[in-house]
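> All I have is the shape, not the residue letters:
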């Protein structure tokens, strides 16, 4: 004996929604039509039961004349009313069934159209997923005026697309920097070794010169690889953005360098920014080392934090002349061939990512200040 099989429902969400809406519409139509049918038939039956026959004259019985097969038949007025009521009820039943059939077809069409309108944002998201699968990463999800229930999903997908785009760009940039930074040293090593091997006779002085060239190229490659590894770790770091206080960042930097190399200015004030702690720490550490290397040893750098308008600032005091890298950041013209390397490109990308401005200011008390200006973040106690 064959076992009873459970009915299979449609797997398509649109088919399920259309079926649910159609059942709802048909149920409402059934209730309305059934109510109308019961009300009309009950009214006709009550009217037939309560109405009195109309007398033809004072002496005769109440009759009505009906022509059937060209003959006149006298019937009781009540029988005529019962026949009319039965015929009206039959016609009403037929019209009700026809209206129900029309309502079923109309409900299916309306439910299919309505489910398509409801699921249109989902279909666009499916199309977007297919585009992402093919390698085409749009900047944002093209859903203007999305429903409130889909808006959170759209915002999450925008965040995912932004992260995917950043990861893809970081990977492309890493490959380009690795090929650019290692091509020249490898060419120097290869050329030097080929010249030394092909020479008929090599004395000690030429061999030492070749080894020095190879050693210098190896150091350059090691520095490039270290810078690329730092860049890769920075790109792979979780970009959890939160509220940071630049004064705490400066205090942490002062503690790491020691009082002989860095001091926090006593007039420093809290300065809130919204950024990734890893990016801010990397930027401050690299620029602080650049500022300290520009001046003579033995004099500590001062750190000052504060706010002005819509900006939160972190300033570092410097001695001597500002390095070329900092002057290029101040001018905003981009890196030159002299200062372009993986470390400086990392700093440039972090500055662009954080929306940070670099300026060099001079006053009478200090030769110059390197000022980092970040967009100010609102915190509850600032309001």
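Here it is on my side, so go on. Since the structure is predicted, the reported quantities are computational estimates derived from the model, not experimental observations.

> surely residue 217 meets residue 188?
Yes: under the criterion of CB atoms under 8 Å, residue 217 lies in contact with residue 188, with a separation of 4.4 Å. All C-beta atoms are positioned from the backbone trio N, CA, C, and that covers glycine.

> Compare neighbour counts for those two and give me the winner.
residue 217 (20 against 17; other CB atoms under 10 Å).

> How much space separates the more buried one from residue 192?
Per CB to CB, to the nearest Å, residue 217 is found 8 Å from residue 192.

> Spell out the residue ranges of the strands in this structure.
63-68, 71-76, 242-245, 262-264, 272-275, 301-308, 311-318, 357-361, 368-375 (DSSP state E).

> Listing partners with orientation, what would you give for the last one?
Using DSSP bridges, the strands paired with strand 368-375 in its sheet are strand 311-318 (antiparallel), strand 357-361 (antiparallel).

> Ok, the shortest one next?
Strand 262-264 has these partner strands in its sheet, going by DSSP bridges: strand 301-308 (parallel).

> And for the partner strand, what's in contact with it?
Strand 301-308 is touched from outside by 246-247, 250, 253-254, 261-265, 267-271, 288, 291-292, 295, 312-318, 366, 369, 376, with contacts defined as CB atoms under 8 Å, 6 or more residues apart in numbering.

> average model confidence for stretch 305-322?
Mean per-residue pLDDT for stretch 305-322: 89.

> sorry, back to before: tell me which of the strands paired with strand 368-375 sits most buried.
Each of these was scored by mean neighbour count; the highest is strand 311-318, a mean of 23, by mean count of other CB atoms under 10 Å.

> Buried among the contacts of strand 301-308? Make that a ChimeraX selection.
Applying 16 or more other CB atoms under 10 Å to those, the buried members can be selected in ChimeraX as follows:
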select :246,247,250,253,254,261,262,263,264,268,271,288,291,292,295,312,313,314,315,316,317,318,366,369,376
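
> so how far is stretch 350-362 off the chain centroid?
How far stretch 350-362 lies from its chain's middle: 27 Å, per CA atoms, centre = their mean, to the nearest Å.

> Actually, stretch 192-212.
What separates the centre of stretch 192-212 from the centre of its chain is 59 Å, taken as CA atoms, centre = their mean.

> for stretch 365-383, which positions count as buried?
Neighbour-count burial for stretch 365-383 flags 366, 368, 369, 370, 371, 372, 373, 374, 376, 377 (criterion: 16+ other CB under 10 Å).

> And those, which is the shakiest by pLDDT?
Minimum pLDDT across these is recorded for residue 366, with 82.

> Surely it touches residue 317?
Yes: using CB under 8 Å, residue 366 makes contact with residue 317 at a distance of 4.6 Å.

> follow-up on the earlier one: can you list the strands of the chain in TSV and add distance to residue 324?
Formatted as TSV, the strands of the chain follow (distance: least, CB to CB, whole Å):
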stretch	distance to residue 324
strand 63-68	117
strand 71-76	119
strand 242-245	29
strand 262-264	23
strand 272-275	26
strand 301-308	19
strand 311-318	13
strand 357-361	12
strand 368-375	13
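
> Below-threshold pLDDT in the stretch 101-250 of the chain: ranges please.
When residues are selected by pLDDT under 70, those of the stretch 101-250 of the chain lie in 133-149, 170, 202, 227-228, 230-239.

> what's the distance between the residue nearest the centre of the chain and residue 151?
The structure's the chain has its C-alpha centroid closest to residue 158; by CA atoms, centre = their mean the separation is 1.5 Å. In this view, residue 158 and residue 151 are 10 Å apart by CB to CB.

> Likewise for residue 296?
58 Å.

> try residue 323
48 Å.

> Over to residue 99?
41 Å.

> I'd assumed residue 327 was in contact with residue 370.
No: applying CB under 8 Å as the test, residue 370 and residue 327 come out as separate, 10.4 Å apart.

> if I look at those two, which residues touch both of them?
Residues touching both residue 370 and residue 327 (CB under 8 Å, 6+ apart): residue 360.

> what's residue 318 in contact with, if anything?
291, 294, 295, 301, 366, 367, 368, 369, 370.

> Take these and write them to TSV, including distance to residue 176.
Converted to TSV, these look like this (distance: CB to CB, whole Å):
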residue	distance to residue 176
291	29
294	29
295	34
301	34
366	39
367	37
368	34
369	34
370	29
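
> Closest one of these to residue 356?
For the contacts of residue 318, the closest approach to residue 356 (CB to CB) belongs to residue 370, at 11.7 Å.

> if I look at the closest residue to residue 347 other than its chain neighbours, how far off is residue 184?
Distances taken as CB to CB, 6 or more residues apart in numbering place residue 286 nearest to residue 347, at 5.5 Å, with adjacent residues excluded. The gap separating residue 286 from residue 184 is 23 Å, by CB to CB.

> Same drill for those two, tell me which one is more crowded.
Ranked by neighbour count (other CB under 10 Å), residue 286 and residue 184 place residue 286 first, with 17 against 13.

> Check the contact between that one and residue 345; I expect there is one.
No: if you go by CB under 8 Å, residue 286 and residue 345 don't touch, sitting 11.5 Å apart.

> So which of residue 323 and residue 151 has more stuff around it?
residue 323 (17 against 13).

> May I have the phi/psi pair for that one?
phi -60, psi 160 (degrees, to the nearest 10).

> My read is that it contacts residue 289, right?
No: assessed by CB under 8 Å, residue 323 is found out of contact with residue 289, at 10.6 Å.

> Just the residues contacting stretch 20-34, thanks.
Contacts of stretch 20-34 with the rest of the structure, by CB under 8 Å, 6+ apart, involve 96, 99, 100, 103, 104, 106, 107, 108, 110, 111, 114, 115.

> could those go into CSV alongside distance to residue 307?
Converted to CSV, those look like this (distance: CB to CB, whole Å):
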residue, distance to residue 307
96, 77
99, 73
100, 73
103, 68
104, 69
106, 65
107, 63
108, 64
110, 59
111, 59
114, 54
115, 54
